[in-house]
Each structure stands twice: as C-alpha cells, then as structure tokens.
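J.: the sequence isn't on hand, but the structure is:
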C-alpha cells in the first residue's frame, strides 16, 4: 500500500508557501487603503493553518524519500492544491466558485485564459495576486521540468538527464543547490524585465506585474487591451526579449553562469527555437508589409512580439492579428502547438519534440530507400536513448487525443 505521508507533508509545505505569497497582495491593498486586504489575510491564515497542520501531521522520521508513484502524485496534486487556495481570495471578493477556480488554475499553470473583465478598474490586490500566481506557476513549471519529469520519463524529458553535468546529480544537496540557482536566476530576470518596462514608460505597478507574467510566459495583463494598451515599440521589444528568455532552458542558464559560456549558444534546442522564431516573424512581417497597411519596421515589431507570444504560450497581444488576413490567422493557430524549450516556463509540445519527430520521420524515409542502412539518431551530438522516441510519440498521441476530445466537448 502506498504511504502518502510524504505527499501530505510536501503539500503542507506548499500550502505554507502559498500563505506567504498571499501576504503580498494583502500588503499592496493595505498600502493603497483598500479593505480587500482582509480577504487576502483570511486566505493566508487559512492556507497557513492547513499547511502547518499537514506538515506536522505527516512529519517524516528522517529524510523524505519519494518513490516513482509518490513523484507522480506530488506533481499532479501540487497544481490542484495551489489552485484551490489561490482561488479563495477571488471567491471571498464576490466571484463565483467556478470563476475563482478557473482564474486561479489558469494563473498557476500559466495558461493565461481569463474570465475576468474590466481589468482596468479592478482592485490592486486582485491584479497583483493574478500576476503573483502566474509568477509562482512559472518557477514551479521549471522545477518540475528539470527535477521531476526527467525522473518520471514523461514525454522524452528523460533526454535531459543526460544533458545535465555531474553538478546536477540527484543527491539532496545538489538538488537544493539547483533550486537555489533557479530561484535566483528567475528573480534576477524578473527584476531586469521590470526595470526595463519601467524605463520604457510603464508605471511601477504595471512594470512589476507585467514582468512577472512575461517571464512566466503566462500573459495576464492589468488592462483589457493587454499589451496593446501601452502602444510602445520599445516595450514590445522588451516584452519579446523576456518572453524568449522565459522560454529558454533554465538549466542552461545555470551551466552558463557556472562557466560553460557556450552552453546556450551551442544547444541544438535553443538554436532551433531562435531560428524558428526569426523565420516565422520575418514571414509574417513580409505578409503585413505586402498588404500595404504599415511600414516594414512596424510590421516586424508587431510580428515578432505576437509570434513570440503565441509560440511561447504567453498570450499577450499588442494587436488584433485576426484582422491580418486568413493566412496569418491559420499560421497563428498552428503556432499555438509549437511551444518553447524544455526546462522553461512555456507550454505546448516543445521544440525538442518537434526536432526529434523530424529526425525519426527522416530516418524512416531514408530506410525505405536503403533498408539495410544504419541511421543513428543524435541530439546535441549524443545518441538518443532507446526509450525517448517512444516516449515522445506516446506524448504526442496523448496530447492530440486530449485536444480532440476537449474540442468536441467544448
């Protein structure tokens, strides 16, 4: 029988973290004189009480050791727990239970879909909490992608266990070191993004919230018109840059800072991702320029920002691309399935899976003409483990089936 005490203990610690995070919008509301701070503090106390109770009730005798089944349960249950406690402030402020849970789950998974309207007049605490939830979700997705999914061998993620150096071993000390590095890099990039947003004209509040939702590739904005509210070329290029930064593998940032200066530049996944963004952005820019509605510089700015936003699953919009013609709309629909790099905050299928599927199909076609030919599958100069192609094919099958089923249901 599965002993779930380690899972309960970790969920308790997670609730305690949510309780601390809930204090941020409470303080913000208190500073601006809004009485909504009380709702956030009540939610914080409730989350903290549940967290401390669960942590102490399932306190392990020694070190926490997670089996494979424990890891699956922690990975899945973590999102549900955070989304539930994250929805409490929304519910206490008058939103329906369904709306509150939807908004919270969309935020923590950095999906970016929202059912809230009239954002421009919403309380500061609500807008800040949405951004904080997405920011937490972003670092959570990175941690899961780097520390959990390779161990669980989900969707070919095991490939990136062999990509990591000896410094990324599975010992508790090195795992904690990796988490500290990730958090430090994530905070530093968020601060840089916010500073540049403020430099190019955003208010301090908008700069902070949009920095959190840009780097987490979540896309929640404080305005109904999203990024189009600012109407600034400089802000769009800053946003484009940091959406890309959030969609790059964070374990490569760590390797770069530890002395492997060419880790990002030489990585096959990163090069493929950047090349893809450049080619598609130029293609859409030429399309817009050929329509005669704008100059090439403006077209390239709009194209680069919106293509990057869609590919990285951020969801920001600086223009209504549905007015760019049916061809552009079709391209954007396909771009939604691309995704960023493994070990990043972005969602969708991810670039490396597309690259490996292309390698598999190319090898298969070559074997049709040369049945006895040996074609090694190499990624980043190393042979692919035998189980990676199967894992990726299984993932894609499940992904497409899920999209199909929910499309029919909707």
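T.: Noted; the coordinates are in hand. Quick caveat, the model's predicted, so the values are computed rather than measured.
J.: which other residues reach stretch 244-253?
T.: Stretch 244-253 has contacts (Cβ atoms under 8 Å, 6 or more residues apart in numbering) with 138, 142, 146, 160, 163-164, 168, 178, 182, 185-186, 189, 193, 214-217, 263-264, 267, 269-270, 273-274, 277, 308, 311-312, 314, 339-346. C-beta coordinates here come from the backbone N, C-alpha and C atoms, glycine included.
J.: next one: it to chain centre, how far?
T.: 11 Å (Cα atoms, centre = their mean, to the nearest Å).
J.: quick check: mean pLDDT of it?
T.: If you average the pLDDT over stretch 244-253, you get 93.
J.: check stretch 269-284 too.
T.: pLDDT averaged over stretch 269-284 gives 95.
J.: could you give me the buried positions within that stretch?
T.: 269, 270, 272, 273, 274, 276, 277, 280, 281, 282, 284 (16 or more other Cβ atoms under 10 Å).
J.: and for stretch 299-317?
T.: The neighbour-count check on stretch 299-317 (16+ other Cβ under 10 Å) flags 299-317 as buried.
J.: what is the host helix or strand of residue 27 packed up against?
T.: Element membership for residue 27, per DSSP states H and E: helix 5-32. With contacts defined as 3 or more Cβ pairs under 8 Å, 6 or more residues apart in numbering; DSSP states H and E, helix 5-32 has these neighbours: helix 37-57, helix 68-92, helix 124-143.
J.: and of the buried residues of stretch 269-284, the nearest to residue 235?
T.: residue 281 (17.1 Å; Cβ to Cβ).
J.: my read: that closest one touches residue 300, true?
T.: Yes - contact criterion Cβ atoms under 8 Å: residue 281 and residue 300 qualify, at 6.9 Å.
J.: returning to what we had before: ok, of the helices and strands packed on helix 5-32, where does mean pLDDT dip lowest?
T.: Checking each of those, the one with the poorest mean pLDDT is helix 68-92, at a mean of 89.
J.: and the helix or strand just after it, how far out from the chain middle?
T.: With elements assigned by DSSP H and E, the helix or strand that comes after helix 68-92 is helix 97-108. Here helix 97-108 is found 16 Å from its chain centre; the criterion is Cα atoms, centre = their mean.
J.: buried set for helix 97-108?
T.: 99, 100, 101, 102, 103, 104, 105, 106, 107, 108.
J.: including distance to residue 399, could these go into JSON lines?
T.: Putting the buried residues of helix 97-108 into JSON lines (distance: Cβ to Cβ, whole Å) gives the following:
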{"residue": "99", "distance to residue 399": "27"}
{"residue": "100", "distance to residue 399": "28"}
{"residue": "101", "distance to residue 399": "24"}
{"residue": "102", "distance to residue 399": "22"}
{"residue": "103", "distance to residue 399": "24"}
{"residue": "104", "distance to residue 399": "24"}
{"residue": "105", "distance to residue 399": "19"}
{"residue": "106", "distance to residue 399": "19"}
{"residue": "107", "distance to residue 399": "22"}
{"residue": "108", "distance to residue 399": "20"}
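J.: what's around residue 45, how many residues?
T.: 12 (other Cβ atoms under 10 Å).
J.: and the buried residues of helix 97-108 as a markdown table, adding distance to residue 27 and pLDDT?
T.: Converted to a markdown table, the buried residues of helix 97-108 look like this (distance: Cβ to Cβ, whole Å; pLDDT from 0 to 100):
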| residue | distance to residue 27 | pLDDT |
| --- | --- | --- |
| 99 | 25 | 94 |
| 100 | 21 | 94 |
| 101 | 25 | 94 |
| 102 | 26 | 95 |
| 103 | 21 | 94 |
| 104 | 20 | 95 |
| 105 | 24 | 94 |
| 106 | 24 | 94 |
| 107 | 19 | 93 |
| 108 | 21 | 93 |
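J.: helices along the stretch 151-300 of the chain, start to end?
T.: 172-199, 204-215, 233-246, 250-257, 263-266, 268-290, 296-311 (DSSP state H, counting those that start in this stretch).
J.: so where's this protein shaky on pLDDT?
T.: 1-2, 62, 150-174 (pLDDT under 70).
J.: at the geometric centre of it, which residue do we find?
T.: What sits nearest the mean C-alpha location of the chain, by Cα atoms, centre = their mean, is residue 345, with 2.7 Å.
J.: ok, and that one, which helix or strand is that part of?
T.: Applying DSSP H and E, one finds residue 345 in no helix or strand.
J.: show me the residues around it that make contact.
T.: With Cβ under 8 Å, 6+ apart, residue 345 has these contacts: 110, 138, 139, 141, 142, 215, 216, 217, 218, 246, 247.
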